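K.L.:
No letters, just coordinates:
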């Protein structure tokens, strides 16, 4: 009688080979995902650094606000002066 072709050892070997192949494919897909995420993190980190370079600091904002307020006060004073002159002309007429 011929020995059976499908022994328990042979079936176990096939099952283990399939399990190892599935596990290897899973690990490989996770490695690819990890590489993609690392590239995305690097891109986002670069973008954050660019924002930090161009971001206005609080002291710069205060300085600009002070300059704008000074200019607005100048404009207001000039308008008062013009209004006063117009009132004088209106009184003469």
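P.N.:
That came through, no problem. Values in this document were obtained by computation on a predicted structure and should not be read as measured data.

K.L.:
Which secondary structure elements does the worst-scoring helix or strand of the chain on mean pLDDT sit against?
P.N.:
One helix or strand of the chain scores below all others by mean pLDDT, DSSP states H and E: helix 58-92, with a mean of 90. Contacts defined by 3 or more C-beta pairs under 8 Å, 6 or more residues apart in numbering; DSSP states H and E place helix 58-92 against no helix or strand at all. For the C-beta atoms, the positions are set from N, CA and C on the backbone; glycine is no exception.

K.L.:
List the buried residues of it.
P.N.:
Under the neighbour-count criterion of 16 or more other C-beta atoms under 10 Å, helix 58-92 has nothing buried.

K.L.:
start the count at 52, not 1, going forward
P.N.:
Right, with 52 as the first residue, what we last looked at is helix 109-143.

K.L.:
so how far is it from its chain's centroid?
P.N.:
For helix 109-143, the distance from its own C-alpha centre to the chain's C-alpha centre is 41 Å (C-alpha atoms, centre = their mean, to the nearest Å).
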